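J.: here you go, sequence then predicted model.
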Amino acid sequence: MQNGLIWDEGANTMTEAEPEVGSLLDDLGLREKQQFPISQKKRYIVRNGVPVMLPTNPIELVTSSVLSTQSKFQILLEPFLWKKKSSKVSDASAEESVSEFFQRHFGQEVVDYLIDPFVGGTSAADPDSLSMKHSFPDLWNVEKSFGSIIVGAIRTKFAAKGGKSRDTKSSPGTKKGSRGSFSFKGGMQILPDTLCKSLSHDEINLDSKVLSLSYNSGSRQENWSLSCVSHNETQRQNPHYDAVIMTAPLCNVKEMKVMKGGQPFQLNFLPEINYMPLSVLITTFTKEKVKRPLEGFGVLIPSKEQKHGFKTLGTLFSSMMFPDRSPSDVHLYTTFIGGSRNQELAKASTDELKQVVTSDLQRLLGVEGEPVSVNHYYWRKAFPLYDSSYDSVMEAIDKMENDLPGFFYAGNHRGGLSVGKSIASGCKAADLVISYLESCSNDKKPNDSL
Ligand SMILES: Cc1cc2nc3c(=O)[nH]c(=O)nc-3n(C[C@H](O)[C@H](O)[C@H](O)COP(=O)(O)OP(=O)(O)OC[C@H]3O[C@@H](n4cnc5c(N)ncnc54)[C@H](O)[C@@H]3O)c2cc1C
Ligand SMILES: C=Cc1c2[nH]c(c1C)Cc1[nH]c(c(CCC(=O)O)c1C)Cc1[nH]c(c(C)c1CCC(=O)O)Cc1[nH]c(c(C)c1C=C)C2
């Protein structure tokens, strides 16, 4: 928080699609701090240089100007018209891209004006590079079960509704997960801060870098030790542990020294991962200088619209969503630049990016003059790219876990990028640790009784 402004430089919102998120919020007592954006269903994409609101239901789709009549028919008739994967891409090594998959179901215009901005706004990537199987595993499986995505989505939704009505566990007054994306009063940082507070000082080491990990099998548990360096450069050998859940990005894991039974355990089987670079610019403008403000979540710019001179990926209307994030006479915007579309621009200076953002916001929202304030955060490796080589990444993670007893890997390199999926991945790893420890103690019982 600075000068009455609250902003996020990383995740701005999260969802409760994964049940683990709801449990965490309940356990941390965070329900009362949950903050839902105003008019979050109003989301815009740029078409022919101007923002157009995205339809939120089939009736709005029919009247919307986002797509041509031909594409609208193609969506409505998809249950009958979708094409099977051609034999050319059917062998196991040829991965289908996100654009190929949606092209088969809905045609090129849907890829260009719905899928391209969606993947830009959720991974900073482009649909040609992303692997369908790794980026949208649920839809990939829907096609396997139902063929048509529309039929599969409808049947899955009805099945889920049937399940929900029998669910008696949700807390009174809340329909969990049904209210869309949310943040917290004070911003997303409230979540890790509250998590830290719920742990005691000896359970958590902040600002510490893990340098090495060592596994030594023995009759006892606590086979793992690790060494860390803290920000004041003091190196520390930590106590011993029964198991390790690693959540650092794989590019950082590669730099760690790992020992197994006194011998170096080489991590050279970890493949190179492509990461998306991204700059985030937080700008403010006095309200009188924004001539065509839009209410809602934000606006995304399809790659095709770059021909109209746009250079950013999209902008969140942060203070429209959360009015307490800025003084009442100011609009606060969060703009994303770079990703696979413009890797070089992501690295540009704050001054250059300020011009780029101001120019795009001038066309989109009619801002006049320079922003009152600018904050810039550059993410050199914002997201791992779930591309066609991602099978090799998953195999390497499996190998690490198989070869190192009591070692588990979780986080956004496995099973999805979102905050919710990262939390769920951590919870799954914790369950695996419990099973592992139970199996260790069962194995030991006969020896113990000797
Ligand atoms: C700009 C941006 C916007 C986003 N917006 C959203 C959004 O709106 N909604 C959403 O759901 N998701 C969003 N995401 C994605 C989401 O925030 C991340 O994918 C998710 O938080 C990843 O969590 P993680 O724990 O797997 O990894 P990280 O949050 O990357 O955590 C990994 C941690 O490991 C630490 N580490 C690395 N090496 C070591 C070492 N040697 N020793 C100790 N620690 C180490 C790092 O310092 C880091 O803190 C966004 C991400 C970015 C970058
Ligand atoms: C324009 C670039 C980006 C914007 N946000 C992100 C980027 C790269 C990062 C991001 N945002 C979301 C996620 C989680 C993805 C997931 O798998 O759930 C990530 C990594 C949340 C999100 N943002 C948008 C959508 C549709 C979602 C999914 C959750 C939800 O529906 O709320 C769209 C969107 N992102 C940005 C804008 C301006 C925008 C829509 C107008 C910025």
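T.: Nice, thanks for sending it over. Residues are numbered from 1 along each chain as shown. Ligands and ions are numbered 1, 2, ... in the order given.
J.: would you map the helices across the stretch 201-350 of the chain?
T.: 250-253, 318-321, 343-346, 350-365 (DSSP state H, counting those that start in this stretch).
J.: a markdown table please, covering these and showing mean neighbour count, distance to ligand 1 and mean pLDDT.
T.: From N, CA and C alone the C-beta is placed, and that goes for glycine too. Formatted as a markdown table, the helices of the stretch 201-350 of the chain follow (neighbours: other Cβ atoms under 10 Å; distance: least, Cβ to the nearest ligand atom, whole Å; pLDDT from 0 to 100):
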| stretch | mean neighbour count | distance to ligand 1 | mean pLDDT |
| --- | --- | --- | --- |
| helix 250-253 | 17 | 3 | 97 |
| helix 318-321 | 26 | 11 | 98 |
| helix 343-346 | 16 | 11 | 97 |
| helix 350-365 | 18 | 14 | 98 |
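J.: format these as a markdown table; extra columns: distance to Gly218.
T.: Shown next, in a markdown table, are these (distance: least, Cβ to Cβ, whole Å):
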| stretch | distance to Gly218 |
| --- | --- |
| helix 250-253 | 24 |
| helix 318-321 | 52 |
| helix 343-346 | 47 |
| helix 350-365 | 53 |
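J.: just so I know, which of those helices lies nearest His201?
T.: Using Cβ to Cβ as the measure, helix 250-253 is the one of the helices of the stretch 201-350 of the chain that comes nearest His201, at 24.6 Å.
J.: check which helices and strands the closest one is in contact with.
T.: In terms of contacts (3 or more Cβ pairs under 8 Å, 6 or more residues apart in numbering; DSSP states H and E), helix 250-253 is packed against helix 390-403.
J.: list the buried residues in the helix it packs on.
T.: Tyr390, Asp391, Val393, Ala396, Ile397, Met400, Glu401 (16 or more other Cβ atoms under 10 Å).
J.: quick check, the fifth one in contact with Tyr409.
T.: Yes. In this structure, Ile397 sits in contact with Tyr409. The criterion is Cβ atoms under 8 Å, and the distance is 5.0 Å.
J.: can you say which helix or strand has Cys440 in it?
T.: Element membership for Cys440, per DSSP states H and E: helix 419-448.
J.: next, the angle from that helix to helix 390-403.
T.: 30 degrees (axes from the mean of the first three to the mean of the last three Cα atoms, to 10 degrees).
J.: for the chain, what lies in contact range of ligand 2?
T.: With Cβ under 6 Å from any ligand atom as the criterion, the chain comes near ligand 2 at residues 13, 15, 43, 120-124, 181, 297-300, 313-316, 336, 416-418.
J.: mind checking how far Glu438 is from Lys287?
T.: Distance, Glu438 to Lys287, by Cβ to Cβ, to the nearest Å: 59 Å.
J.: and the residue of the protein closest to ligand 1?
T.: Gly411 (2.8 Å; Cβ to the nearest ligand atom).
J.: tally of neighbours for the residue lying closest to Glu368 once chain neighbours are set aside?
T.: Leaving out its chain neighbours, the residue that sits closest to Glu368 by Cβ to Cβ, 6 or more residues apart in numbering is Lys289, at 4.7 Å. Lys289 has 17 neighbouring residues, counting by other Cβ atoms under 10 Å.
J.: swap in Gln40?
T.: Neighbour tally, Gln40, other Cβ under 10 Å: 17.
J.: dump the residue contacts of Thr312.
T.: For Thr312, the contacting residues are Ile301, Thr335, Phe336, Ile337, Val356, Val357, Asp360, by Cβ atoms under 8 Å, 6 or more residues apart in numbering.
J.: the residue of the stretch 351-450 of the chain found nearest ligand 2: what's it in contact with?
T.: The stretch 351-450 of the chain approaches ligand 2 most closely through Ser418 (3.5 Å), counting by Cβ to the nearest ligand atom. Going by Cβ under 8 Å, 6+ apart, Ser418 touches Ala11, Met14, Thr15, Thr122, Asn412.
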